[in-house]
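Colleague: Output the structure for:
(one chain, ligands or ions: 1)
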Amino acid sequence: MKDRQNIHGSWASRWVFIMAATGSAVGLGNIWKFPYIAGQNGGGAFVLVYLLFILAVGVPIMMAEVLVGRRGRQSPINSMREVAMEAGHAPGWSVVGWVGALAGFLIFSFYSVVAGWVLAYVAAMGNGEFLDIGSEQASKVFSRLLADPQALLIWHSVFVVLVMTVLMGGVNKGLERATKIMMPALFVLLLLLLGYSMTSGSFGEGLEFLFHFDPSELSWDAVLVALGHSFFTLSLGMGSIMAYGSYMPKNASIGGTVLTIAALDTIVALVAGMAIFPIVFANSLDPGAGPGLMFITLPVAFGHMPGGQVFGFLFFVLVALAAWTSAISLMEPGVAWMVERFGLKRGPVCIMLGMVVWLLGIAALSSFNFGSDIALFGMNIFDFLDFITANVFLPLGGLFVAVFTGWILNKKITGNELAIANPLYYLAWSVMIRYIAPIAVAAIFIFNLIEKLG
Ligand code: TRP
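Modeller: The predicted model follows:
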């Protein structure tokens, strides 16, 4: 077997890879989206189904992405080509990498807008703007922010600059260094908030909401949401994890590493839920408030609690850090490919790509103000980008990666890369990647389309 070298560098250790991939996985998906979709879908049963999908679909597909990345040792586009050819198949599999890189740009453009709201809230919380505020006023603050394109543009621009600055530094001096500082900070902040919520919130009620099991509350729609979210939250389906896998040391075991990453991502989502719902219940607020849960409900709660200004500020700092380390991974496949293809330095590549996503982000943020009349398939630009990536690009990307590793690559390659000692575990992975994951993903893809278009 050829032992390829990655021109971009490689993680200093297996543990750094775990932190970087966890940084990618833990983001707005965990802290903003998971609590609100769990809230909208009744908690308990939804959470259980989500956990099941993480294990049965997310973990095997994440292993597949890491496997291909580490085997190819290049950007997802070039790794897909390289590994396909090594297995004696057409180089055209690189299309999966292409579509993924494109999806990364599209996700980034609305992700950056939401991250901009988070930055605006860091400032507002720090200024004490939410002290003693009612929920009506809080929702006015939120809609006023959305209606102000200039404010949105400033925060979106700040976020793009933050992300591109880290990317410019490269794998070791940028991504690795940022991760090593931000991830521990994120975990400390999260534990601090959990402690706060345990002492100041209705902790028992929050737990009961998240973990009670009542299957009658589970709709088919909720099952689809859970499956789609298990994908988004683990950063699967577009090459983020494949790119990070290409920097992974050869001697590290993929199975154990991926299980650790998935466990950390899940723990953060659950802890975020355990930090948020007790505060919601202690203030008799609505757990099913939707996307505003974090931007309207929580500031009200913080505004009424002892120490709420400080903890509210820390909370939004936490979310900003999480969004930052995730957004980096959305751009890495595109950056790595440009460097490989054109032999450019990271600096100019990041400036160019930064301008592209900055412009795309302006289109996304206009959905809430001057561009609110623009409709694509009955959705504004922001909702359309969210819809088309989560429900079309990611499921398709994941499906192709599963088919590619499960059916196209031979056992010599996958067995060698995964290096699983126990043949039973390898068999389990192989059944999941060949049958369970593709069927489940094809199902969400098809049902989502029927539901939205039908
Ligand atoms: N997983 C991140 C979150 O939960 C978002 C993210 C980063 C992502 N990279 C991705 C989602 C790739 C899908 C695909 O916020």
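Colleague: contacting residues around residue 100?
Modeller: By CB atoms under 8 Å, 6 or more residues apart in numbering, residue 100 lies in contact with 76-77, 237-239, 242, 333, 393, 397. (Glycine included, C-beta is placed from N, CA and C.)
Colleague: Does whichever residue of the stretch 251-400 of the chain sits closest to the ligand belong to a helix, a strand or coil?
Modeller: The ligand sits closest to residue 326 of the stretch 251-400 of the chain, with a gap of 4.0 Å, by CB to the nearest ligand atom. Residue 326 falls in the helix class when you classify it by DSSP: H, G, I helix; E, B strand; the rest coil.
Colleague: Quick one: neighbours of it, just the number.
Modeller: Neighbour count for residue 326, taken as other CB atoms under 10 Å: 25.
Colleague: The nearest residue to it once chain neighbours are set aside: neighbour count?
Modeller: Of all residues not flanking residue 326 in the chain, residue 27 sits nearest, at 3.0 Å (CB to CB, 6 or more residues apart in numbering). Residue 27 sits with 28 neighbouring residues when counted by other CB under 10 Å.
Colleague: Does residue 27 touch residue 321 like I think?
Modeller: No: counting by CB atoms under 8 Å, residue 27 does not reach residue 321; the two are 9.6 Å apart.
Colleague: mind putting the contacts of residue 100 in JSON lines, secondary structure and distance to the ligand included?
Modeller: As requested, the contacts of residue 100 are arranged in JSON lines below (DSSP: H, G, I helix; E, B strand; the rest coil; distance: CB to the nearest ligand atom, whole Å):
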{"residue": "76", "secondary structure": "helix", "distance to the ligand": "11"}
{"residue": "77", "secondary structure": "helix", "distance to the ligand": "15"}
{"residue": "237", "secondary structure": "coil", "distance to the ligand": "6"}
{"residue": "238", "secondary structure": "coil", "distance to the ligand": "4"}
{"residue": "239", "secondary structure": "coil", "distance to the ligand": "8"}
{"residue": "242", "secondary structure": "helix", "distance to the ligand": "10"}
{"residue": "333", "secondary structure": "helix", "distance to the ligand": "9"}
{"residue": "393", "secondary structure": "helix", "distance to the ligand": "9"}
{"residue": "397", "secondary structure": "helix", "distance to the ligand": "8"}
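Colleague: Of these, which is the most crowded?
Modeller: Comparing those by number of neighbours (other CB under 10 Å), residue 239 comes first, having 36 neighbours.
Colleague: Can you confirm whether stretch 27-42 lies near the ligand?
Modeller: Yes: against the ligand, stretch 27-42 shows contacts by CB under 6 Å from any ligand atom at 27-30.
Colleague: Between those residues, which sits nearest residue 62?
Modeller: Set against residue 62, the nearest of those by CB to CB is residue 29 (14.2 Å).
Colleague: tell me the pLDDT at the closest residue to that closest one other than its chain neighbours?
Modeller: Closest residue to residue 29 apart from its sequence neighbours, by CB to CB, 6+ apart: residue 233 at 4.2 Å. With respect to pLDDT, residue 233 scores 96.
Colleague: Quick one: name the residues of the stretch 301-450 of the chain near the ligand.
Modeller: For the stretch 301-450 of the chain, the residues in contact with the ligand (CB under 6 Å from any ligand atom) are 326, 329-330, 394.
Colleague: Settle this for me: residue 48 is touching residue 213, isn't it.
Modeller: Yes: between residue 48 and residue 213 there is a contact under CB under 8 Å: 6.2 Å.
Colleague: more crowded one of these two?
Modeller: residue 48 (15 against 11).
Colleague: any idea of the mean pLDDT for the helix or strand encompassing residue 268?
Modeller: According to DSSP states H and E, residue 268 maps onto helix 254-282. For helix 254-282, mean pLDDT rounds to 93.
Colleague: For it, name the packing helices and strands.
Modeller: helix 14-25, helix 34-40, helix 44-53, helix 59-72, helix 177-200, helix 203-211, helix 298-304, helix 411-418 (3 or more CB pairs under 8 Å, 6 or more residues apart in numbering; DSSP states H and E).
Colleague: Does the fourth one reach the ligand?
Modeller: No: between helix 59-72 and the ligand, judged by CB under 6 Å from any ligand atom, nothing touches; the nearest distance is 10.1 Å.
Colleague: Which elements pack onto that helix?
Modeller: Packed against helix 59-72 by the contact rule (3+ CB pairs under 8 Å, 6+ apart) you find helix 76-86, helix 240-245, helix 254-282, helix 394-403, helix 411-418, helix 437-453.
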